[in-house]
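>>> my questions are about this predicted structure, shown below with the sequence.
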Amino acid sequence: MVKHCAAFFVAGALAWAVEAPPAIPDGQITYDELSYQNTGASDLPPEFAAGASNQTLPTMEVVPPSSSSSSSPHVVVDLMAYATDYQVRGMGVTNDLSEYGCSSLSISFTPTNRNLFHKGIQQRFHGMAGAIWDATCPLGDVMQFELGYSLGKEVVPNLLVEVGYNFRRGGLEGYMAKWHDGASHRSAQDISLRAAYNDFQKGFFGHAEIGGAFYGLTGFYMDFEGGYRFTDVMSPRAFGLDLEVSLGVAPSFSYWGTGVEGLDATRIRVAVLPYSSNGRFGRDAHTFIKPWVQISWTGNNARKITRNLGYTPVDHFQFTLGLDIGWRF
């Protein structure tokens, strides 16, 4: 018994010898304000005390991202070197109006500031000059010319929506405006709404456009296209090939004349995009080359245009070959 009592006494003494944790305070806990201002060098080691009053902490300037930091090019130049047929949104004209094909040069310029009104809106100026290679045909005696201006915004990644104005001179629109809609010269003007999608990583691309003409021609035209880009179809050491396949459809309502409402044309296009492994041209380079082939069929509007004019200006089927050369900056 004495031994058990002695052990109990020793254990109790050891327990009291250990410091007990502090009690948790009651009520609201407050914190003193901390200051990072340099109040002197008295607390610094002697070797640093002499120059401590002149020491300043390094600062890092935070620069907001520029609205022009988009990887999209500011200038795109597309030379359609030659196409065996002249077409408007897939609707090709007959040899009576254009027999030897066409060529055109298109330029699109997007200014550096892509954050107009602090709303992420960008401007785009675009133009086209083209020639229909048969001066003896009704469409070949006047040079094609187009000018346009649009405001656009990327509403979701890879999807750009634009609203714009377009002026067109010559071509099928100018011919129909002067000789069949009674305009004073071969010009047409319209306002358009366009959505363009291009996902370079997944390969999907396409556009949807709705235009309302108010001068020269009146009415509405539409153009819808969707496609897929197959990458590395052929990829040897020095050169490789991508392949684009797209399907387009173009309806219109009173655009080509009174009562001409329905489908203008349906088209399938296959384009080859060669690229070099050294990056000098092709996929991500400034220069690109695009040979293509397009098959197009006219819709029910071709018959209605023929009925209004008394002759057939539109082919029912066309197989067209073309070559585009472009530059991106």
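Nice, I can see it. Quick caveat: nothing in here was measured; it's all calculated off a predicted structure.

>>> gap between R194 and V293?
25 Å (C-beta to C-beta, to the nearest Å). All C-beta atoms are positioned from the backbone trio N, CA, C, and that covers glycine.

>>> and the spatially most central residue of the chain, what does it touch?
In the chain, the centroid-proximal residue (C-alpha atoms, centre = their mean) is L160; its distance is 5.3 Å. For L160, the contacting residues are G152, K153, E154, A195, A196, Y197, by C-beta atoms under 8 Å, 6 or more residues apart in numbering.

>>> that one belongs to a strand, doesn't it?
Yes. Secondary structure assignment places L160 in a strand (DSSP: H, G, I helix; E, B strand; the rest coil).

>>> count of residues packed around the residue nearest to I325 when sequence neighbours are not counted?
Excluding its sequence neighbours, the residue lying closest to I325 (C-beta to C-beta, 6 or more residues apart in numbering) is L79, at 4.8 Å. By the criterion of other C-beta atoms under 10 Å, L79 has 15 neighbours.

>>> specify the beta-bridge partners of the nearest residue to Y215 once chain neighbours are set aside.
Spatially, and ignoring its direct neighbours in sequence, Y215 is nearest to Q189 (4.0 Å; C-beta to C-beta, 6+ apart). Assessed by DSSP bridges, Q189 has beta-bridge partners F167, Y215.

>>> do you know how far N198 is from I191?
23 Å.

>>> one more: G219?
12 Å.

>>> more neighbours, these two?
Neighbour count, other C-beta under 10 Å: between G219 and I191, G219 has more, with 19 against 14.

>>> so that one touches F253, yeah?
Yes. Shown here, G219 and F253 form a contact pair, counting by C-beta atoms under 8 Å, at 5.6 Å.

>>> tell me the contacts of D141?
Contacts of D141 by C-beta under 8 Å, 6+ apart are A135.

>>> hang on, it in a helix?
No. Using three-state DSSP, the secondary structure at D141 is coil, not a helix.

>>> is V155 in a helix, a strand, or coil?
V155 - assigned by three-state DSSP - is strand.

>>> next one: the nearest residue to it once chain neighbours are set aside from R267, what distance?
Distances taken as C-beta to C-beta, 6+ apart place V161 nearest to V155, at 5.4 Å, with adjacent residues excluded. Relative to R267, V161 is positioned 23 Å away (C-beta to C-beta).

>>> neighbour-wise, which of these two wins?
Neighbour totals were compared for V161 and R267, and R267 leads with 23 against 17 (other C-beta under 10 Å).

>>> name all residues that make contact with the more buried one.
So R267 contacts G90, L247, G248, V249, A250, Q294, I295, S296, W297 (C-beta under 8 Å, 6+ apart).

>>> and F109, by the same measure?
Listed by C-beta under 8 Å, 6+ apart, the contact set of F109 reads H74, V75, R124, F125, H126.

>>> tell me which stretches of this protein form strands.
Assigned by DSSP state E, the strands in the chain fall at 75-83, 87-88, 91-92, 102-109, 121-132, 144-156, 159-169, 187-198, 204-215, 219-234, 239-253, 261-276, 287-298, 317-328.
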